[in-house]
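A.B. asks: Any chance you could fold what I've pasted below:
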Amino acid sequence: QVDLVESGGGLVQPGGSLRLSCVVSGHTLSYFAIGWFHQAPGKEREGVSCISFDESTYYPASKKDRFTISRETAKNTVYLHIDKLKPEDTGVYYCAAGGCYSDYAPSWGMDYWGKGIRVTVSE
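C.D. replies: You can find the predicted model right below:
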């Protein structure tokens, strides 16, 4: 059983930055990829970033400038750093475990999902 727990969300002002954390239990990070996904209100969930088991990182073209994914193997934790936050970054962010091999987010195959963490970007 693989469990993923997100943290670090909340209310943030536009232009600020945020770091989300995803703590993984049940397997080490060298076993699979971890992806971050965003679901804005009323929209489909979309892939934001993914870090593979070999630490390769992938970003859809629209996410390359403000999003950074990283991991801390000793803590079995993956982070998503978001800079210059915009109101459209509002929504629920999920981390998930599975596989990713390119920047094309719809190709990422995830088997396990966290419950999500809410981020609100507003004055």
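A.B. asks: Could you report the neighbour count for V24?
C.D. replies: Using other CB atoms under 10 Å, V24 is surrounded by 23 other residues. Glycine gets a C-beta too; all of them are placed from N, C-alpha and C.
A.B. asks: State the distance from the closest residue to it other than its chain neighbours to D103.
C.D. replies: Taking CB to CB, 6 or more residues apart in numbering as the measure, V24 lies nearest to N76, with 4.9 Å between them; neighbours along the chain are not counted. N76 sits 25 Å away from D103, going by CB to CB, to the nearest Å.
A.B. asks: doesn't G47 make contact with Y93?
C.D. replies: No. Y93 lies out of contact with G47 (CB atoms under 8 Å); the separation is 11.2 Å.
A.B. asks: on that earlier part again, verify the stated contact: the residue nearest to V24 with Y31.
C.D. replies: No. Counting by CB under 8 Å, no contact exists between N76 and Y31, whose distance comes to 10.2 Å.
A.B. asks: Tell me which of those two has more neighbours.
C.D. replies: When N76 and Y31 are compared on other CB under 10 Å, the one with more neighbours turns out to be N76, at 17 against 11.
A.B. asks: No further questions, thank you.
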